[in-house]
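Colleague: Sequence and computational prediction follow.
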Amino acid sequence: MSLPVPVTLSPSKVTSFRDCALAFRFSAIDRIPEPTTPAMAKGTLVHAALERLFAVDPADRTVEAGLACLDAAVAHLSEPGRDLADLDLDADGHAALRADAERLVRNYFLLEDPRQIRPIGLELRLQAPVGDLQLVGIIDRLELDADGELVVTDYKTGKAPSDRYEQAKLGGIHFYSLLCEELFGKRPARVQLLHLSEPVTITAIPTDQSTRGLRTRVGAMWDAITRACDRDDFRPKPGPLCGWCSFQTWCPSFGGDPARAAIDAGVAPRPEAPAPDPATAGVEPGNVVDLVPRLVGSGAGPAAP
């Protein structure tokens, strides 16, 4: 029996399918919710703190302001139903998570001076048609450099990848570059990963070759996902990531039955909502679509969003 084909493709879905097709099915097709882990909550917390930091006046973007933004993010995410409230941690566990988040926020200031950054979009959701599919992604920060060119920045709160896996990690942020090029008609001058734990910055410059290669890989991945849905053929890929997988209960590699997943989780498999009309696909908030063409190359731009 065939399964519904997802109508959008994001960097996280690409990674999920590449790492384990069965985990992709549980998450993207069966829509089985995954519990919030401390690592996930920490990432959300740090991203929220840095988003708040860039909402203040550039001159006030100090370490102290960053820590105040972290406190505000902790308070918000501790509300019932949010990430920190959902964690099964005692007081010491929450304190340790907060301390590690503070370390990452402090490390951010070792990588760049936020007073010099000109963001034009924060936590920006982009969507664009590429061929027969809709690409979607959320950019942590879209900014203008000193020459008025676009720069895509992504924050990472885990360990920086080894040289072996660095290109795979950069693939995700090149994905965002492709979205910018499709929506704004302008390829970013560079894309960068800010690994806050080390801290270290990994930078790449998108080119015609890298963009063509990404289009080819995305197309091939989409074809593979479509075939897997048509044949209901999503195979597990046992490996080191299994230790962090929340779907082990239903994985045949651990004696589970994939057919029981949606039933046991109380979630009925269902297709995604219909894809938006390509004519209306774009950016949320929508004013950035109109803003970017006027700012790129002009050297002008708001100091803060």
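Modeller: Cool, got the structure. Numbers count the residues shown, from 1 in each chain.

Colleague: and the closest residue to P206 other than its chain neighbours, what pLDDT?
Modeller: If the residues on either side of it in the chain are set aside, P206 comes closest to S177, at 4.4 Å by C-beta to C-beta, 6 or more residues apart in numbering. In short, each C-beta sits where N, CA and C put it, glycine included. With respect to pLDDT, S177 has a value of 93.

Colleague: S177 reaches A189, doesn't it?
Modeller: No. No contact is recorded between S177 and A189 when judged using C-beta atoms under 8 Å, the distance being 9.7 Å.

Colleague: between those two, which one's more packed in?
Modeller: For the pair S177 and A189, the greater number of neighbours falls to S177 (26 against 17), based on other C-beta atoms under 10 Å.

Colleague: The residue nearest to P206 and H76, how far apart?
Modeller: 30 Å (C-beta to C-beta, to the nearest Å).

Colleague: Then G148?
Modeller: G148 is 34 Å from H76, by C-beta to C-beta.

Colleague: Show me the strands in this protein, by range?
Modeller: Secondary structure of the chain (DSSP state E): strands located at 8-9, 118-130, 133-144, 150-156, 190-195, 200-204, 283-284.

Colleague: could I get the ones you listed as JSON lines with distance to M40, mean pLDDT and mean neighbour count?
Modeller: As requested, these are exported to JSON lines (distance: least, C-beta to C-beta, whole Å; pLDDT from 0 to 100; neighbours: other C-beta atoms under 10 Å):
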{"stretch": "strand 8-9", "distance to M40": "21", "mean pLDDT": "90", "mean neighbour count": "20"}
{"stretch": "strand 118-130", "distance to M40": "16", "mean pLDDT": "93", "mean neighbour count": "20"}
{"stretch": "strand 133-144", "distance to M40": "15", "mean pLDDT": "94", "mean neighbour count": "22"}
{"stretch": "strand 150-156", "distance to M40": "13", "mean pLDDT": "96", "mean neighbour count": "23"}
{"stretch": "strand 190-195", "distance to M40": "17", "mean pLDDT": "95", "mean neighbour count": "22"}
{"stretch": "strand 200-204", "distance to M40": "22", "mean pLDDT": "93", "mean neighbour count": "16"}
{"stretch": "strand 283-284", "distance to M40": "22", "mean pLDDT": "54", "mean neighbour count": "18"}
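
Colleague: if we compare those strands, which one ends up closest to L104?
Modeller: Distances from L104 to each of the strands of the chain were compared by C-beta to C-beta, and the smallest falls on strand 150-156, at 8.7 Å.

Colleague: Great, nothing more from me.
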